[in-house]
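Trainee: what follows is a predicted protein model with its sequence.
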Amino acid sequence: MKLHEYQSKTIFSKYGIPIPKGRVAATAQEAKQIADELGGRVVIKAQVLVGGRGKAGGVKLAKDSTEAEQLAAQILGMDIKGLPVRKVLVDEASAIDQEIYFSITNDRAAKKPVMIASAAGGVEIEEVAAKTPEKIVKVHIDPLLGLREYQARDVAVAIDLPRDYWKEFVKIAMSLWQVYSATDAILAEINPLVITKDKKLIALDGKMMIDDNALFRQPDLAEMRDTDEDAPSEIEARRFGLSFIKLEGNIGCMVNGAGLAMTSMDVIKLFGGEPANFLDVGGGAGAEKVAAAMRIILTDPNVKAVLFNIFGGITRCDEVARGILTAMDEVKPKVPMIVRLVGTNAEEGRRLLENANMITAETLADAAKKSVAAAKKGK
Amino acid sequence: MSILVDKNTRLIVQGITGNEGLFHTTQMVAYGTNVVGGVTPGKGGEWVLDGKLPVFDSVKMAKDATDANATIIFVPARFAPDAMYEAADAGIPLIICITEGVAVQDMMRVRNYLDQKKVRLVGPNCPGLLTPGEAKVGIIPGDIAISGNVGVVSRSGTLTYEVLYAMKNLGMGASTCVGIGGDPVNGTNFTDVLQMFEHDPRTEKVIMIGEIGGNEEEKAAEYISLKMTKPVASFIAGLTAPPGKRMGHAGAIIEGGAGTAADKIKALEAAGVKVAKHPEEIPTLLM
């Protein structure tokens, strides 16, 4: 789960990381009022869950509150990479001397958290990483021990931070580690961490991603989820614990297991079709979940055929078959359905579906070919 | 011979009285796996499977009473890290964790702790292990695979079943099938298992099933080209997955363009691995 900049910075501040004075606004009038409170010179920043806001014109400097109002109105009407801007952050403008990149994230290969820093921070950091990787400093953190102060000091030295700032930098690093640990973050990033003209370190921008698997112990964070960027069908799927992603094709897919679901999409494409979605009903899916999955797939008007590929293991095919029957009763689908059941209780499942007017398939390749043919006919 | 589990495996089940735990314990026992008991805190002294299997309050008690040498974990995600620590502290050398959805920071701590204790972990979020005819330690349906000389290792669950089933339909058997799981931080990885298969006298060929995300397949390709003498065939899922979208598995996310199926296929082919276009084609590449 991604957090907005303003949400991330509020969390940073709670853990003692200095951030600019500012507040979030949903209207231009609010933005003007905040700018007045902050003394006029402010930065207006679009709050959307996508990178490259600045380059898209979503971050602007205003010299006074009147201009802040104008710019906020302009930005609040924008679409950035398909996402409508509904909120702007109005921050006091800072006079910047240097921009530093600083983050803590997971290094899956090392099985450890890693602290990453660079003296060349700012919007071009990805380019810096690609072209001059030697300018990026990485220090792994023992997850059982946590970040040690000497490690943060080592990083300060490695990015040539002037000695006067070491103490403050170490404090920010320890706080960022606290943020990362306490929120079950998979990314806690400050970019840029700036040295201001009046010799202070401030987290000018922040980005956080939280581990969805840890939200059960992060109820406050779970409530911060912004579903603006998700398709309604994806929100509905999440409610039922389904993993669903809408795609552009016309063959709906319902599969158990993420790997097999991706593979089913690959095989549909291999035989000349286009999947309408990725859908993993998960392990041990019962009838209710299957029925919900089917409703979600069939609300997509592009869908011309539906492929069910269920390989029973922890999931029982008879349960899935019952779910399909329940959903068919409810939704009365008009598109052809291709079903393949193998594994745990498959025979029972096939028996249940005998009179359901579905196309059956033996192998995955066979099922994919039949789905592609059915979708073409349905056009 | 086979790897990790066989006739000598003495297995306990953590979470044996839960829905999943009990269902799959029944299946494992029916398959012939030597299950010696189970653990559910608060239910010690009870018996399951018509009085055949004793339930203990802790892994330590179960180990002392049964001399178990492996454990399988079926407890819910929020309790799974504790179950893994408990098994390691009780001195169980092999832990198989089926549980899906364990938080990644927990897994980093678990993995680093287990490494220090020299305990082998398979999973989490995996279907477990199957040595056909000897032991089924996990949830892989027993009847979809026959015994043979092909080692199978996979990051996926049901996709693995697909491949075992296709093998069986062609009369091809497995020495051991290892589901390593799809999480970004897990225990045993591809290279660990390839190494075991390379040294296992019964394994003559290997099938490796990967998917998008991470770089374990690339590392495996490096091991194969440098050290492996046995032929390897592969399939990588996710060729059509849109970049940046999370496809269910926490592990199956394409991070900043790295870890794509195309990159993995390229690395494997360069290492001399035959890569199939769809899963049912894999066994034919080894015939």
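Mentor: Nice, thanks for sending it over.

Trainee: so who does residue 45 touch?
Mentor: No chain specified, so I'll use chain A. A:K45 is in contact with A:E5, A:R53, A:G58, A:V59, A:V88, A:L89, A:V90, A:D91, A:D205, counting by Cβ atoms under 8 Å, 6 or more residues apart in numbering or on different chains. C-betas here are computed from N, CA, C, even on glycine.

Trainee: my question was about chain B
Mentor: Counting by Cβ under 8 Å, 6+ apart, B:G45 touches B:V55.

Trainee: which SS class is it?
Mentor: Counting by DSSP: H, G, I helix; E, B strand; the rest coil, the backbone at B:G45 sits in coil.

Trainee: do you know how far it is from A:K197?
Mentor: To A:K197, B:G45 is 72 Å away according to Cβ to Cβ, to the nearest Å.

Trainee: SS state for the closest residue to chain A within chain B?
Mentor: The nearest approach of chain B to chain A comes at B:S156, 2.6 Å away (Cβ to the nearest Cβ). What three-state DSSP gives for B:S156 is coil.

Trainee: contact partners for it?
Mentor: By Cβ under 8 Å, 6+ apart, the residues touching B:S156 are A:G257, A:A258, A:G259, A:L260, A:T263, B:G179, B:G182, B:I209, B:E211, B:A237, B:H249.

Trainee: from these, which has minimum pLDDT?
Mentor: By pLDDT, B:H249 ranks lowest within the contacts of B:S156, coming in at 50.

Trainee: secondary structure, neighbour count and distance to A:I104 added to the contacts of B:S156, as TSV?
Mentor: Formatted as TSV, those follow (DSSP: H, G, I helix; E, B strand; the rest coil; neighbours: other Cβ atoms under 10 Å in any protein chain shown; distance: Cβ to Cβ, whole Å):
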residue	secondary structure	neighbour count	distance to A:I104
A:G257	coil	32	32
A:A258	helix	31	27
A:G259	helix	32	30
A:L260	helix	25	34
A:T263	helix	31	34
B:G179	strand	33	31
B:G182	coil	30	24
B:I209	strand	28	33
B:E211	strand	29	27
B:A237	strand	33	30
B:H249	coil	28	23
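
Trainee: which two among those are spaced furthest apart?
Mentor: Using Cβ to Cβ, the two most remote members of those are A:T263 and B:G179, lying 14.9 Å apart.

Trainee: just to revisit the earlier point, between the contacts of A:K45, which is closest to A:I100?
Mentor: A:D205 (11.4 Å).

Trainee: how near is A:E168 to chain B?
Mentor: As judged by Cβ to the nearest Cβ, to the nearest Å, A:E168 and chain B stand 27 Å apart.

Trainee: what about that residue, how many neighbours?
Mentor: A:E168 is flanked by 16 other residues according to other Cβ atoms under 10 Å in any protein chain shown.

Trainee: which residue sits closest to it, ignoring its sequence neighbours?
Mentor: Spatial nearest neighbour of A:E168, excluding adjacent residues (Cβ to Cβ, 6 or more residues apart in numbering or on different chains): A:L201 at 5.0 Å.

Trainee: what does A:L307 give?
Mentor: Of all residues not flanking A:L307 in the chain, A:S371 sits nearest, at 4.3 Å (Cβ to Cβ, 6+ apart).

Trainee: and the one you found, what does it touch?
Mentor: A:S371 is in contact with A:I251, A:I268, A:G273, A:A305, A:V306, A:L307, A:I338, counting by Cβ under 8 Å, 6+ apart.

Trainee: ranges for the strands of the stretch 151-300 of chain A?
Mentor: For the stretch 151-300 of chain A, the strands defined by DSSP state E, counting those that start in this stretch occupy A:185-196, A:201-203, A:206-210, A:243-246, A:251-255, A:277-280.

Trainee: give me whichever of these is most buried.
Mentor: The highest mean neighbour count among the strands of the stretch 151-300 of chain A, using mean count of other Cβ atoms under 10 Å in any protein chain shown, belongs to strand A:251-255: a mean of 28.

Trainee: need the next SSE after the helix or strand of chain A with the lowest mean pLDDT, C-terminal direction.
Mentor: Ranking every helix and strand in chain A by mean pLDDT, DSSP states H and E puts helix A:125-131 at the bottom, with a mean of 82. For helix A:125-131, the succeeding helix or strand toward the C-terminus, using DSSP states H and E, is strand A:136-140.

Trainee: distance of the residue of chain B closest to chain A relative to B:G238?
Mentor: Look at B:S156 and B:G238: by Cβ to Cβ, they are 10 Å apart.

Trainee: equivalent analysis for A:I75, please.
Mentor: A:I75 is 36 Å from B:G238, by Cβ to Cβ.

Trainee: which element is the residue nearest to A:L307 on?
Mentor: Going by DSSP H and E, A:S371 is part of helix A:364-377.

Trainee: please point out which parts of that helix sit buried.
Mentor: Neighbour counts using 16 or more other Cβ atoms under 10 Å in any protein chain shown place A:L364, A:A365, A:A367, A:A368, A:K369, A:K370, A:S371, A:V372, A:A373, A:A374, A:A375 of helix A:364-377 among the buried residues.

Trainee: could you dump these into CSV and include distance to B:Q116 and pLDDT?
Mentor: Shown next, in CSV, are those (distance: Cβ to Cβ, whole Å; pLDDT from 0 to 100):
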residue, distance to B:Q116, pLDDT
A:L364, 42, 94
A:A365, 46, 94
A:A367, 47, 96
A:A368, 46, 97
A:K369, 51, 97
A:K370, 52, 96
A:S371, 50, 97
A:V372, 52, 97
A:A373, 56, 96
A:A374, 55, 95
A:A375, 54, 94
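
Trainee: what parts of the stretch 151-300 of chain A come near chain B?
Mentor: Selection of the stretch 151-300 of chain A residues close to chain B by Cβ under 8 Å from any Cβ of the partner chain yields A:181, A:184, A:186, A:211-214, A:216-217, A:243, A:245, A:247, A:255-263, A:265-267, A:269-270, A:275, A:278, A:280, A:282-284.

Trainee: mind checking the SS state of the closest residue to B:G272 other than its chain neighbours?
Mentor: Taking Cβ to Cβ, 6+ apart as the measure, B:G272 lies nearest to B:S225, with 6.5 Å between them; neighbours along the chain are not counted. Here B:S225 is recorded as helix under three-state DSSP.

Trainee: wait, B:S225 sits on B:A267?
Mentor: No: B:S225 lies out of contact with B:A267 (Cβ atoms under 8 Å); the separation is 9.1 Å.

Trainee: out of those two, which sits in the more crowded spot?
Mentor: Set B:S225 next to B:A267 and count neighbours by other Cβ under 10 Å: B:A267 wins out with 21 against 14.
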